[in-house]
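Q: next one to model:
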Amino acid sequence: MILGSCQNSIKYEVRLRHVLLSDFDYELPKDLIAQQPAEPRDASRLMVLDKGLEHRIFRDLLEYFSSGDVMVINDTRVLKARIFGRKDTGGRIEALILRQIEGDVWEALVKGRIREGTVLDFSGHTARVLRKDEGKAELRFSEDPRAIMEEQGIYPLPPYIKEYDGDLERYQTVFADKDGAVAAPTAGLHFTPELLKEIEKKGVDIVNITLHVGWGTFKPVKVENIEEHRMEKEWYEISRDAAERINGREGRLFAVGTTSVRTLESASVDGAVLPGSGETDLFIYPGYEFKSGMDALITNFHLPKSTLLMLVSAFAGHDRIMNAYRIAVRERYRFFSFGDAMLIFR
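A: Residues are numbered from 1 along each chain as shown. From the prediction side, this is the model:
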């Protein structure tokens, strides 16, 4: 009984050690926020955290796989979710379509003053505001807004990318397949078709799962005690085939991106990944006990005080990650969506 009490006490102390927002802050020079992606995709830099720390190029990732490993990727595709229009009074508005609530009612972020009952016109397509709350609105569209997005929408680049002047299709992974995200799973942006083929030739099973990245990926944490933060819900799906291949692996489990991690963890029980679909608002931060059996994470460098940085810290250890970030700043790695990558082993 005494031993059990000590173990519970240790877990409690670990859980409480890094729950303050200030624990996840760091200084980042603005010129390290990547405004253009690396070309080709796999030419970005790669920091490898294992027993030590290595500086590599992303295509060197191939060297870290062995036959029998499984690599999980998120095949969500970014919608052209940013659309522009006018209010019935003539004022300009901008809407970022987030998700379908039911039928012709969708949730959106709307820039511009609106109120319940306001009619919005998107070049002949209309939507009525049913409800508005803290920037988000419920809109009833006269037709499926996916047709409007395809006709006139643009991809919603993150707010910190202000100077990109290239093809917006570059903000899609090469394996993007299922429409539904408002932001890219950016760890996947580094892969080329050629690199994926080389990984498969090495005997690695590449498994697709889906999580439609929502606007919550940019939602700031506003509470100092991060345990009080609530994540936005995001839709995910893991097929039966995908779950069987993950559970039946002979080697290690690699997850590409924090979105793949959250999907795997949302669907895992006692080391087994269960097939299914639904919504997840899982918040992973230090003290979280991983259930999927994940061995390695491929991810980008994340914003200070972000839930993504908290997840990575939970996986690899807070002090280890914050030290790696200090080194990344010193070595002038490129940060955020179009930036460089990390390969992290537990």
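Q: every contact and neighbour count from this point should use C-alpha atoms.
A: Fine.
Q: surely residue 308 touches residue 258?
A: Yes. Taking contacts as Cα atoms under 8 Å, residue 308 lies within contact range of residue 258: 6.7 Å.
Q: ranges for the helices of the chain?
A: Assigned by DSSP state H, the chain shows helices spanning 2-17, 145-152, 193-201, 240-247, 258-266, 307-316, 318-330.
Q: which of these sits most buried?
A: Mean neighbour count, computed with mean count of other Cα atoms under 10 Å, is highest for helix 258-266 among the helices of the chain, reaching a mean of 25.
Q: now for residue 291, how many residues are close by?
A: The number of residues packed near residue 291 is 16, by other Cα atoms under 10 Å.
Q: now it: how far from residue 253?
A: Taking Cα to Cα, to the nearest Å as the measure, residue 291 falls 12 Å from residue 253.
Q: ok, now how distant is residue 160 from residue 311?
A: Note on residue 160: its distance to residue 311, by Cα to Cα, is 21 Å.
Q: how is the protein partitioned into domains?
A: What automatic domain parsing lists as the domains of the chain is 17-78+161-345, 82-152.
Q: let's have those in CSV, adding mean pLDDT.
A: Converted to CSV, these look like this (pLDDT from 0 to 100):
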stretch, mean pLDDT
domain 17-78+161-345, 97
domain 82-152, 92
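Q: if you count residues, which strand in the chain comes out on top?
A: In the chain, taking DSSP state E as the definition, the longest strand is strand 92-102.
Q: so which bits of that strand are buried?
A: Across strand 92-102, burial judged by 16 or more other Cα atoms under 10 Å covers 93, 94, 95, 96, 97, 98, 99, 100.
Q: residue contacts, the third one?
A: Residues near residue 95 by Cα atoms under 8 Å, 6 or more residues apart in numbering: 81, 82, 83, 84, 108, 109, 110, 111.
Q: among the residues you listed, which pair sits farthest apart?
A: Across those, no pair lies farther apart than 81 and 111, at 13.5 Å, counting by Cα to Cα.
Q: neighbour count winner among the two?
A: Taking neighbours as other Cα under 10 Å, residue 81 and residue 111 compare with residue 81 leading, 25 against 14.
Q: and the more buried one, how far is that from residue 234?
A: For residue 81 relative to residue 234 (Cα to Cα), the value is 16 Å.
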